[in-house]
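1. Everything below, folded, please.
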Amino acid sequence: MVSDWMNYLKSFKDLLKKEAFLISKLVDLEEEKYEALKQVEMKDLMRLNTLEEEILHSMDGVEEKRKNVLSILSETFHFDINLSLSKVLNFIPDDKFYDLKQELETLRQEIKAATGKLQMAVRENSEMLHSNMEIINLTLNFANRNFQRETYDYRMKKTMAENRYLVNQIV
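-> This is a model prediction of the structure:
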């Protein structure tokens, strides 16, 4: 019985390792996207988006397997499957699984740190994309300055007067 639990815990650990690896790959892609956005390299952005979709597809498979193993572990160690990983680890007995539990805790911390980096990178890319859209809008409006309203108002919120000094703010 203990060997079955050990196998499921090792499988769980392996799946968490895969998730940590895939999240780190997403962080790398987001950092590359930032550079592509900065340089306005559309081909690179399209390539990076395709790679991101592939990684996310892989993550879906790993996540499904992780949920299945977690379901078995929840029945074995009597915890709610919806608990956070840090709380799940509290249900795993120290006496028989101490080393493995420590490895799982290390992986949890790695995933948490990588997820934080990913969120930050996505936020930075979103801001860069927003800034690029503002510049495009202002450039089109400058080229079409005799026109009464904005040429390309992707936000559909601001008036021309509100955008007048935006270039100075961005630069």
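2. Helices of this protein, residue ranges please.
-> For the chain, the helices defined by DSSP state H cover 2-39, 42-77, 85-89, 94-143, 160-163, 166-170.
3. JSON lines for these, including mean pLDDT?
-> Output for the helices of the chain, formatted as JSON lines (pLDDT from 0 to 100):
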{"stretch": "helix 2-39", "mean pLDDT": "90"}
{"stretch": "helix 42-77", "mean pLDDT": "92"}
{"stretch": "helix 85-89", "mean pLDDT": "89"}
{"stretch": "helix 94-143", "mean pLDDT": "86"}
{"stretch": "helix 160-163", "mean pLDDT": "49"}
{"stretch": "helix 166-170", "mean pLDDT": "44"}
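4. Comparing the ones you listed, which comes out most buried?
-> Among the helices of the chain, the stretch with the highest mean neighbour count (mean count of other CB atoms under 10 Å) is helix 2-39, at a mean of 17. The way it works is simple: take the backbone N, C-alpha and C, and place the C-beta from them, glycine included.
5. Tell me how far that one lies from the chain's centre.
-> Centroid separation between helix 2-39 and its chain, computed with CA atoms, centre = their mean, to the nearest Å, is 11 Å.
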